[in-house]
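Novice: Got a predicted structure plus its sequence, pasted below:
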Protein chains: 2
Amino acid sequence: MNIAGELLIGRQSVRGGNGVIHAIDAASGASLEPAFGGATPQQLEQACALAWQAFDTFRDTAPERRAAFLEAIAANIVALGDALVDRCTAESGLPRARIEGERARAVGQLRLFAEVVRQGDFLDLRVDPAQPERKPLPRVDLRMRNIALGPVAVFGASNFPLAFSVAGGDTASALAAGCPVIVKAHPAHPGTSELVGRAIQQAVEQMDLPEGTFSLLFDSGLEIGQRLVTDPRIKAVGFTGSRAGGMALMALAAARPEPIPVFAEMSSINPVLLFPHALAKRAEAIGEAFASALTLGAGQFCTNPGLILAVDGDDLDRFLQAASARIAGTAAATMLTPGIQRAYWAGVDALAHHPRVRTLARGQSGSAYQGQAALFTTDAEAFLVDEALRTEVFGASSLVVRCRDLPEMLRVVASLEGQLTAAIHIDAADHAAARPFLPVLERLAGRILVNGFGTGVEVGHAMVHGGPWPATSDSRSTSVGSLAIARFLRPVCYQDMPPELLPQALRPDSAQRPAWREDGRLQRGPD
Amino acid sequence: MNIAGELLIGRQSVRGGNGVIHAIDAASGASLEPAFGGATPQQLEQACALAWQAFDTFRDTAPERRAAFLEAIAANIVALGDALVDRCTAESGLPRARIEGERARAVGQLRLFAEVVRQGDFLDLRVDPAQPERKPLPRVDLRMRNIALGPVAVFGASNFPLAFSVAGGDTASALAAGCPVIVKAHPAHPGTSELVGRAIQQAVEQMDLPEGTFSLLFDSGLEIGQRLVTDPRIKAVGFTGSRAGGMALMALAAARPEPIPVFAEMSSINPVLLFPHALAKRAEAIGEAFASALTLGAGQFCTNPGLILAVDGDDLDRFLQAASARIAGTAAATMLTPGIQRAYWAGVDALAHHPRVRTLARGQSGSAYQGQAALFTTDAEAFLVDEALRTEVFGASSLVVRCRDLPEMLRVVASLEGQLTAAIHIDAADHAAARPFLPVLERLAGRILVNGFGTGVEVGHAMVHGGPWPATSDSRSTSVGSLAIARFLRPVCYQDMPPELLPQALRPDSAQRPAWREDGRLQRGPD
């Protein structure tokens, strides 16, 4: 499949008429061919009109057909083969093995949602049967199911050009819910976006779905993205990116005549708490594991361990020595975009010159497009009074906060903003000390993990990739895992509706009904 | 129990130090004793501090204890006996039988949520067990549950002084979720609010729960309500009332340093679609049933049928004659507050003087505090071009839109804003004609009902009292029924956590685990 530099609007591939976007080879800074045209407002209008036309048909597709559609997307992505991996590696600067792993994740995610659609629990079917004899008033017949919210705008992320982008978690879960999707491609990987977009477009055609089920737009500035969020036919937004970007979209969505939900996954420093017994027993091992997690993929993960908390002392010093040694030996790594690289250097520079911060280790230096890992340390007192020390530095930089004792460590944790993850490193002898931290960590983060680091997000049913503000715009949601589908659904109740007008799954004689609740009790559980 | 005119802050009853609020006898306009003091910012601060202190303890209460707490509130409300009914009747102007029915509903609602808590499905427990042998990477152990969001601010509604107020659906579902609640009482029924608030306060004490689990504040202006929504310890808002009020709270919540969700149930005109065969066969019966639903409780329901759509012709005229005759014979009814009565008259007056609107019927006239039912008619062409005709007139006023044919009726439906309910009146012979309306109605409303009217909201598991904007601020939720608890929950994932640190329900050996999903499959279904 060739990269033509075109927008995908329904079944059309067209040249964008609004400015030019060039992909950049992340490692060399060189411009990559072809040039991409940004969408015009008219082209956006076409995409929105098609999405709206497609909505009622697409949301009403039988589960098997929608599942097969998701699987067809997965197969088409796999079929892109090396062309996709090559282009994605060039555009992102990420290593080939990482891109192959990410492709497997994106494909697995689409297949997971196919299973979710087939199983049907996401419909949350409920039946409260009529009670004509009830006194003082008879009870009506009430039946409920979830339906798709409407066309969804998805903003691709730069740091996961496959798993959080055109056919990433937001798109997969929105399509699974029955929502047409319009993707605003991330300008850092337009070629990857077009290839994946064509894989979806092709699947739409293969499954004979309405063409407006999917469109892909490029934006030469910010205007098309803004218009997309404010278009009345768009009913929800999925976004992964910076806090400023997420907040801008939230403000636009809230100011619409009809406000809509924005599911923005934004910033997180992912505190890691080292408890005394674990540190005493395994300081070096934890230090090395930490350095590896920190520097993986140039540290460009939402779940990167940006903050370490521990009680000061010899064991912490052993941890720091081991981590520092590993970091000092780490090669510089190409960052996703020159902009991200500049922001990373600015963040590291600010920490290096902070009067209360000491630089412990730097990774090896590299090219002008690479990031050099960095480890800093400060004390709890300084951390507690200075907002600047808790700002995310996107990349392989981490700050170690030395605490006087566990109560001070708890105060530091309690002072943090919402996070995607929080990790604790403990031994059995630490359990009692860790217990009072747990309610605080539950309030703080979407995922609490033990003796590990947040990088490596498992795509399953029990995963939560979410968390309180500003980790996300809505802590009641996740952007990874099967529960992500819930973001794009709303319940509808049918009262006293004749069976032949009811949705198939709610008919009393339905043979294909998934699990449901009758008067609140689950029916047909295990299968 | 006496009404003292006091705020309830945790276990204290204190005089509000900020201005004076007087209840008004709705029927006579006379001021009722005692005077109530509005909360000061310091008193609000106390309530918020107590709620925050209570949060971790309260959300961690065992299901049985939280269920017993909800049942104790119900019992304490019943024990208030005639004192509550008398005061509530005086403050609201609603008939005694209605208040008794509403008390039964409020009490039933609390007991329903007690069952929901005991059953535990709201926790949405999920377990994806570790797979240490998985290739290329082992799988971690992931467990998920829902936890309470945080302290919730509830704004009582004027039109349901029991079922949507101090111990109404928002409070019941928030407490069930494990969220402490601070109620900002509606100024139209402060005495009712204090009595019910004391019933909750007493239950907190009986169950030995942290005192901050519940507080009740009066507000002599708007300031305390605004401060409540912007207090950093408040994590969600429940509101039932006007569109302007709901939008003001949404703007405040969105502008916070940490934005929070607002679940506002605002305005709805609840379209009723009369199909030709149903009209031909039962025009008079539907007309009379409509007039009864319209005038019930002076029409002061969120689900009041404010808009009738039908194809013009003799059958529609028969419907209108029957409805008009019934309305003309309807006595004027006391409205909730003088303000609501004035707004109702202004709305009716605007329709009566609209050049494209004809007055069909008026109910009997009454006192200065009463509303007189009103029925108007216009044609689809006029309705489609004039925004003013689709504004909610809160009270017993309805507008009939004559359509040329069913396609024009569908265009009118498609032009409407989001609604709580949409009703269709059909016979078997209408099914084919009704079918193309269903997708449009699903997009329009939270509840679609057949051959009935939206008034009378069943409190069960399959109920949806919600709907797209501006019916509510979040179409993905309901404010009535067991699903209302989902508004106040968020998922938390535990990765590789040792059993003894896991929440009870997620431990591998848990004897009391409710239904859960293992790798996405429901376990232990029916019980």
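Specialist: Sure thing, it's come through. Numbering: from 1, shown residues only, chains lettered A, B, ... in the order given.
Novice: my guess is A:Gly29 contacts A:Tyr369, does it?
Specialist: Yes: the criterion here is C-beta atoms under 8 Å, and A:Gly29 meets it with A:Tyr369 at 5.7 Å. Heads up, the C-betas are built off the backbone N, CA and C, glycines and all.
Novice: So what's the residue count around A:Asp509?
Specialist: Look at A:Asp509: counted by other C-beta atoms under 10 Å in any protein chain shown, it has 6 neighbours.
Novice: Not counting its neighbours along the chain, what's nearest it?
Specialist: Spatial nearest neighbour of A:Asp509, excluding adjacent residues (C-beta to C-beta, 6 or more residues apart in numbering or on different chains): A:Pro499 at 7.1 Å.
Novice: The one you found: what's it in contact with?
Specialist: A:Arg507, A:Pro508, A:Asp509 (C-beta atoms under 8 Å, 6 or more residues apart in numbering or on different chains).
Novice: Report the secondary structure state of the last one.
Specialist: Same thing as A:Asp509. Judged by DSSP: H, G, I helix; E, B strand; the rest coil, the three-state class of A:Asp509 is coil.
Novice: low-scoring pLDDT stretches of chain A, where are they?
Specialist: A:512, A:525-527 (pLDDT under 70).
Novice: In it, which residue is most central in space?
Specialist: The centroid of chain A falls nearest to A:Ser479 when counting by C-alpha atoms, centre = their mean (4.6 Å).
Novice: Confirm that that residue sits in a strand.
Specialist: No: secondary structure of A:Ser479 (three-state DSSP): coil, not part of a strand.
Novice: Can you give me every residue that contacts it?
Specialist: A:Phe164, A:Gly169, A:Asp170, A:Gly238, A:Thr240, A:Phe263, A:Glu265, A:His465, A:Gly466, A:Thr472, A:Arg487.
Novice: rerun that using 6 Å as the cut-off
Specialist: Neighbouring residues of A:Ser479 by C-beta atoms under 6 Å, 6 or more residues apart in numbering or on different chains: A:Gly169, A:Glu265, A:His465.
Novice: again with A:Leu389
Specialist: With contacts defined as C-beta under 6 Å, 6+ apart, A:Leu389 is in contact with A:Phe383.
Novice: So it belongs to a helix, correct?
Specialist: Yes: counting by three-state DSSP, A:Leu389 is located in a helix.
Novice: how near is it to A:Val357?
Specialist: 7 Å (C-beta to C-beta, to the nearest Å).
Novice: Equivalent analysis for A:Gln372, please.
Specialist: Using C-beta to C-beta, A:Gln372 is found at 17 Å from A:Val357.
Novice: again with A:Leu294
Specialist: 17 Å.
Novice: quick one: which of the two has more around it?
Specialist: More crowded of A:Leu294 and A:Val357, by other C-beta under 10 Å: A:Leu294, with 29 against 21.
Novice: Can I take it that the more buried one is in a helix?
Specialist: Yes: counting by three-state DSSP, one finds A:Leu294 located in a helix.
Novice: Kindly provide the distance from it to chain B.
Specialist: As for A:Leu294, its distance to chain B is 18 Å (criterion: C-beta to the nearest C-beta, to the nearest Å).
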